[in-house]
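In: need coordinates for the following:
(one chain, ligands or ions: 2)
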Amino acid sequence: MTGTWFWKQPDKESGQVIYRELTGDIRLEHVDFGYEPRKLVLRNISLFAKPGQKIAFVGATGAGKTTITNLINRFYDIADGKIYYDGIDISKIRKPDLRKSLGIVLQDVNLFTGTVMDNIRYGKLDATDEECIAAAKLANADDFIRRLSQGYQTVLTGNGSSLSQGQRQLISIARAAVADPPVMILDEATSSIDTRTEALVQDGMDNLMKGRTVFVIAHRLSTIRNSQAIMVLDHGRIIERGSHEELIAQKGTYYQLYTGAFELE
Ligand SMILES: Nc1ncnc2c1ncn2[C@@H]1O[C@H](COP(=O)(O)OP(=O)(O)O)[C@@H](O)[C@H]1O
Ligand SMILES: [Mg+2]
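Out: Ligands and ions are numbered 1, 2, ... in the order given. Okay, the predicted model is just below:
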């Protein structure tokens, strides 16, 4: 998929609306954040992702991985520091514009009552059926959807209760693919899904990541190893950063996580 995204901004001097192509350059500078006053959950987080780069977050439960991604989405506003999207302070970007420019695939999938096609189209409301099907193919969802009783017209109810967890994830990947944003936030699933579907989900996620800036809460070693930079979080701070090889050579926390029998959360 090759969508082009544009940013609509009034030009300061002429007052005319100008369109800028979005490239997916994200920067966090000295970000502090707490859900409650005087209780910081993230401290002095600085990082950048250039267009097309993949950044993996690893660390124990409660370290702050999900919180960082919540801030990039602007689900919460930061207490101190700055976050820039293509050089624009995200507090200056209208939330609907920001959300359209960021795709999210989380472990918990929300499907509404409606057809499979419409559930995929939710990623981009004006997408044609052909675009939804192309997205489903990229996501590895097309095969199972075609085997449903009514194919793409099968009506889902109860958050897709007739589907397996893995199938719901494939639909959420298709939904993100049809939106085709320059930046993706992924929370890799840890839930036990059957091996065959898991392979499809992983492959679909890999397809989705290609050519985008990606922030991934990573559980799979292959994802981590393929990232430009790994951020190791501990109690709201980035304590180590670098490539897999660099971090292994440091013989620090990452090395311990990697060599120990551990579960990446
Ligand atoms: N909505 C919330 N309200 C208050 N505290 C929260 C909320 N979400 C997460 N936290 C706290 O923020 C810290 C970081 O959590 P989180 O970002 O979810 O970590 P991770 O994703 O690395 O497990 C934890 O101490 C957690 O209890
Ligand atoms: Mg989390």
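In: A strand includes Phe48, no?
Out: Yes. The assignment for Phe48 is a strand, going by DSSP: H, G, I helix; E, B strand; the rest coil.
In: what sits against the closest residue to it other than its chain neighbours?
Out: Nearest in space to Phe48, with sequence neighbours left out and distances taken as Cβ to Cβ, 6 or more residues apart in numbering, is Arg27 at 4.5 Å. Every C-beta, even on glycine, is put in place using the N, C-alpha and C of the backbone. Counting by Cβ atoms under 8 Å, 6 or more residues apart in numbering, Arg27 touches Leu47, Phe48, Ala49, Lys82, Ile83, Tyr84.
In: show the pLDDT at Ile193.
Out: pLDDT, Ile193: 69.
In: neighbours of the residue in the stretch 101-250 of the chain that ligand 2 sits nearest to, how many?
Out: Of all residues in the stretch 101-250 of the chain, Ile217 sits closest to ligand 2, with a separation of 6.1 Å (Cβ to the ion). Neighbour count of Ile217, defined by other Cβ atoms under 10 Å: 23.
In: hmm, back to that, which helix or strand contains the residue nearest to Phe48?
Out: strand 26-33 (DSSP states H and E).
In: buried ones in that strand?
Out: Within strand 26-33, the residues scored as buried using 16 or more other Cβ atoms under 10 Å are Ile26, Arg27, Leu28, Val31, Phe33.
In: check whether that strand comes near ligand 1.
Out: No. Judged by Cβ under 6 Å from any ligand atom, strand 26-33 stays clear of ligand 1, getting no closer than 9.0 Å.
In: relative to the whole chain's centre, how far out is that strand?
Out: For strand 26-33, the gap between its own C-alpha mean and the chain's C-alpha mean amounts to 17 Å (Cα atoms, centre = their mean, to the nearest Å).
In: same deal with stretch 38-56?
Out: 13 Å.
In: quick one, strands of the stretch 101-250 of the chain?
Out: Using DSSP state E, counting those that start in this stretch, the strands of the stretch 101-250 of the chain run over 102-105, 114-115, 155-156, 183-187, 213-217, 229-234, 237-242.
In: before we move on, the earlier item: Serialize the buried residues of strand 26-33 to CSV and add fields for pLDDT.
Out: Listed next are these as CSV, based on pLDDT from 0 to 100:
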residue, pLDDT
Ile26, 97
Arg27, 98
Leu28, 98
Val31, 97
Phe33, 97
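In: can you tell me which of these comes closest to ligand 1?
Out: Phe33 (9.0 Å; Cβ to the nearest ligand atom).
In: show me what contacts that closest one?
Out: Counted by Cβ under 8 Å, 6+ apart, Phe33 has contacts Leu40, Val41, Leu42, Ile45, Thr67, Leu71, Tyr76, Ile78, Ala79.
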